[in-house]
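A structural model of the following input is requested.
(one chain, ligands or ions: 2)
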Amino acid sequence: MIQKVLAADTGIPLTVERIFGVLSHFRCDRCGRCCREIPGIGLTDKDIERISDYLGTSMEGLIVFEKNRPLLKSPCPFYKSEVGCTIHVVKPLACFLYPLVFREKAETIEIALGCDAATRLYEKLKDNPR
Ligand code: SF4
Ligand code: SF4
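Numbers count the residues shown, from 1 in each chain. Ligands and ions are numbered 1, 2, ... in the order given. As a prediction, this is how the structure comes out:
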């Protein structure tokens, strides 16, 4: 079980262009481990609004709060082993960006080393940031 996922700093400047550049190198193995095991995916207000609209109902019961911050319940209620993410088109921003993680005031892109695919991405970029 992944309790705390360590993130490694790529040294790549945190800009929108670079985020897409880094993600373009990511090859997810689609194992679903992050959806099943990472505790508490952070939700933005827009995430909650978009997902609620898509579901046609409120997200009550699917959210927990930690220090007043809304998080998806864990394991993610939207993950189904046969199909993967059942809300793919409206999934939380954090899921779209994973394994990139963002901290307040961070200046460079960080990669959560929670799986082999993320480690491969970091290994690819760390000595040759683009
Ligand atoms: S990001 Fe990693 S853990 Fe998540 S599905 Fe892809 S390979 Fe698996
Ligand atoms: S919302 Fe989708 S991508 Fe995000 S953790 Fe749940 S199943 Fe995975």
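
list the helices and strands the host helix or strand of residue 8 packs on?
In this structure, residue 8 sits in strand 7-13 according to DSSP states H and E. Here strand 7-13 touches helix 16-23, strand 108-112, helix 116-126, going by 3 or more C-beta pairs under 8 Å, 6 or more residues apart in numbering; DSSP states H and E. The way it works is simple: take the backbone N, C-alpha and C, and place the C-beta from them, glycine included.

ok, which stretches of the protein are helices?
Along the chain, counting by DSSP state H, helices occupy 16-23, 33-37, 45-55, 93-97, 116-126.

what about the last one, near ligand 1?
Yes. Applying C-beta under 6 Å from any ligand atom, one finds that helix 116-126 is in contact with ligand 1 at 117, 118.

In that helix, which residues are buried?
Neighbour counts over helix 116-126 (16 or more other C-beta atoms under 10 Å) mark 117, 118, 121, 122, 124, 125 as buried.

Turn the residues you listed into CSV, including distance to residue 84.
Below are these laid out as CSV (distance: C-beta to C-beta, whole Å):
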residue, distance to residue 84
117, 14
118, 17
121, 19
122, 23
124, 24
125, 26
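
could I get the residues you listed as CSV with distance to ligand 2?
Output for these, formatted as CSV (distance: C-beta to the nearest ligand atom, whole Å):
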residue, distance to ligand 2
117, 14
118, 14
121, 17
122, 20
124, 22
125, 22
